[in-house]
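Trainee: Sequence first, predicted model second:
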Amino acid sequence: MEQEIIEKYLKAGKITAIAREFGQQLIKPGASVREILDKVETKIVELGGQPAFPAQISLNEFAAHCCSDLTDTTILQDQVVKLDVGVHIDGYIADTAVTVDLSGKHGKLLKASQDALEKALALVRPGVTLAALGKAIQETITAAGFSPVRNLSGHGLGHFEIHARPSIPNVDNGNQNVLKEGMVIAIEPFASTGAGTVQESSPATVFTFVSDAGIRDPITRKVLEEIRTYQKLPFAKRWLEKKFGIAKTNFALRQLLTKGCLEQHPPLVDEARGLVSQAEHSVIVLEKPIVFTRG
Ligand code: CO
């Protein structure tokens, strides 16, 4: 990989780590989820990055993809809080997540996903199979008495592409494909006290642009112009609401969804409503791998 590109990943990683730690400090009883997300995203831009996806906070049984719209009044109390942060520099993406336990009761659940992440990271090198990474994650989480979330996975990080190949399993799925030198991947184990599978919930507040075919309405076209500036990276409904107001945003999103112009990323919830913890780092696969979101 060219040095110039590595530098961009490293810069994105550094900003992601600072933003994650900054957000982590804001996660306290009484804090507004929406305000934390706004502050984390502002911090990313102040540091010279761009959000690679909207900052997200998912609580308790929600594993991922929870993102405040402008009307969200959720206040933190005693939840298990996952903060997921992504930053890109010229399309080179860093992705990281952390869990904070405000209940003081679920330290073991948090440790399970952290330990699983470290076990998997320790295996990363060119030639290791995807199944071996999944096996390490599965065994660590199972040994701690929890279930790995099997239908969520880590992923490759492509240029302006968050969920690139390969998919990094959280269980031993038998996949004998191997990591190759120069791949950039995010590993993200989830540990659950419940089913260990997630299902889609509603409503979605995160979307990705797919196509602009067939949009004639002027308001919707205006909103679409803004959406095009996010490239093909996920964006938050809240970002549009701030620019266009809630009513116009709802109107435009309805049109765009009907015409198949957007992909939705609805909240993902444990099927048995168990509690879920997550840990995530991004890594450049080299003989000496670089975990570039540690900070
Ligand atoms: Co990720």
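Mentor: Everything's here; your move. Numbering: from 1, shown residues only.
Trainee: So which residue is smack in the middle of this structure?
Mentor: In the chain, the C-alpha closest to the average C-alpha coordinate belongs to D84, at a distance of 4.7 Å (Cα atoms, centre = their mean).
Trainee: State the pLDDT value of that one.
Mentor: At D84, the model reports a pLDDT of 98.
Trainee: For it, name its beta-bridge partners.
Mentor: As for beta bridges, D84 partners with Q56, A97 under DSSP bridges.
Trainee: what sits against it?
Mentor: 53, 55-58, 64, 95-97, 278, 280 (Cβ atoms under 8 Å, 6 or more residues apart in numbering). The C-beta positions use only the backbone N, C-alpha and C, and glycine is treated the same way.
Trainee: what's the neighbour count on Q264?
Mentor: Neighbouring residues of Q264 were enumerated by other Cβ atoms under 10 Å; the total is 15.
Trainee: Verify the stated contact: it with S201.
Mentor: No: using Cβ atoms under 8 Å, Q264 is not in contact with S201; the gap is 11.4 Å.
Trainee: Apart from its neighbours in sequence, what residue is nearest the residue of the stretch 151-295 of the chain found nearest the ion?
Mentor: Going by Cβ to the ion, the ion is nearest to A186 of the stretch 151-295 of the chain, at 4.2 Å. Among residues not flanking A186 along the chain, D95 sits closest, at 4.2 Å (Cβ to Cβ, 6 or more residues apart in numbering).
Trainee: Torsion angles phi and psi at the one you found?
Mentor: Main-chain torsions, D95, degrees, to the nearest 10: phi -140, psi 130.
Trainee: and it, how many neighbours?
Mentor: The burial count for D95: 28, using other Cβ under 10 Å.
Trainee: Renumber starting at 35 from here on
Mentor: OK, 35 is where the count begins now, so the last one is D129.
Trainee: Can you check the pLDDT for it?
Mentor: 98.
Trainee: next one: the one 10 residues further on
Mentor: Looking at K139, its pLDDT stands at 98.
Trainee: Likewise for G248?
Mentor: At G248, the pLDDT value in this model is 85.
Trainee: just to revisit the earlier point, how much space between the residue of the stretch 185-329 of the chain closest to the ion and A165?
Mentor: According to Cβ to Cβ, to the nearest Å, A220 and A165 sit 18 Å apart.
Trainee: Neighbour count: the two, which is higher?
Mentor: A220 (24 against 18).
Trainee: Would you confirm that the more buried one contacts H315?
Mentor: Yes: between A220 and H315 there is a contact at 7.2 Å, judged by Cβ under 8 Å.
Trainee: intersection of neighbour lists for the two?
Mentor: T130.
Trainee: To which secondary structure element type does G47 belong?
Mentor: helix (DSSP: H, G, I helix; E, B strand; the rest coil).
Trainee: what does the one 10 residues further on give?
Mentor: Look at G57: counting by three-state DSSP, its state is helix.
Trainee: Model confidence for it, exactly?
Mentor: Looking at G57, its pLDDT is 98.
Trainee: Correct me if wrong: it contacts V74.
Mentor: Yes: between G57 and V74 there is a contact at 4.3 Å, judged by Cβ under 8 Å.
Trainee: Now do the shared contacts for the two.
Mentor: 89, 117, 119.
Trainee: ok, the residue of the stretch 35-184 of the chain found nearest the ion - contacts?
Mentor: Proximity of the stretch 35-184 of the chain to the ion (Cβ to the ion) peaks at D129, 4.1 Å away. Going by Cβ under 8 Å, 6+ apart, D129 touches 50, 86-87, 118-120, 191, 196, 220, 222, 314, 316, 327.
Trainee: how does it look with 6 Å?
Mentor: Going by Cβ atoms under 6 Å, 6 or more residues apart in numbering, D129 touches 120, 220, 316.
Trainee: Adding secondary structure, write the residues you listed out as JSON lines.
Mentor: What follows is the contacts of D129, written out as JSON lines (three-state DSSP):
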{"residue": "G120", "secondary structure": "strand"}
{"residue": "A220", "secondary structure": "strand"}
{"residue": "S316", "secondary structure": "strand"}
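Trainee: Return the closest of these with respect to R288.
Mentor: Nearest to R288 out of those is G120 (Cβ to Cβ; 26.7 Å).
Trainee: hang on, isn't the closest one packed against A89?
Mentor: No: applying Cβ atoms under 6 Å, one finds G120 not in contact with A89, separated by 8.0 Å.
Trainee: higher neighbour count, the two?
Mentor: G120 (30 against 25).
Trainee: which non-adjacent residue is nearest that one?
Mentor: Of all residues not flanking G120 in the chain, A86 sits nearest, at 3.5 Å (Cβ to Cβ, 6+ apart).
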